[in-house]
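Visitor: Here is my input; please provide its structure:
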Amino acid sequence: QVQLVESGGGLVQAGGSLRLSCAASGRPFHSYAMGWVRQAPGKERESIATINWNGGSTYYADSVKGRFIVSRDHAKNAVYLQMNNLKPEDTAVYYCAVDFPGNILRLIMPEEVDYWGQGTQVTVSS
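Guide: Predicted structure coming up:
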């Protein structure tokens, strides 16, 4: 089992920044890849960022590439999503996700996620 607790969502104006955090507990932190998946109203879940077990490899959806940065801190058992230059189309519920094993070579697909966080709302106003 892996437990995930997210924080950091909120309301921001277009062009602004937010940083999401996800604290993990349970199985060894180095044993899994982590990522962020979002779901906008009326749309399917979209994987937007993934980081492998040691933080050495990261993957991004085209929709966020160059604006979002995913990172992980093994001392704190946490993963982060720094979101810059936010756009109204980034409005969604953002979920932290875990995928085993940790040596992933691409974005985590929503159907592959083993554990989900509870989600945090991000709203970007124009």
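Visitor: who touches the most centrally placed residue in the chain in this structure?
Guide: The chain has residue 36 as the residue nearest its centroid, 2.1 Å off, counting by CA atoms, centre = their mean. Residue 36 sits next to 20, 22, 47-50, 70, 79, 81, 94-97 when contact means CB atoms under 8 Å, 6 or more residues apart in numbering. Bear in mind the C-beta positions are built from the backbone N, C-alpha and C, glycine included.
Visitor: at 10 Å what do you get?
Guide: Residue 36 makes contacts with 6, 20, 22, 46-51, 60-61, 64, 68, 70, 79-81, 83, 94-97, 107-108, 117, as judged by CB atoms under 10 Å, 6 or more residues apart in numbering.
Visitor: ok, of the residues you listed, which come out buried?
Guide: Neighbour counting by 16 or more other CB atoms under 10 Å classes 6, 20, 22, 46-51, 60-61, 64, 68, 70, 79-81, 83, 94-97, 107-108, 117 among the contacts of residue 36 as buried.
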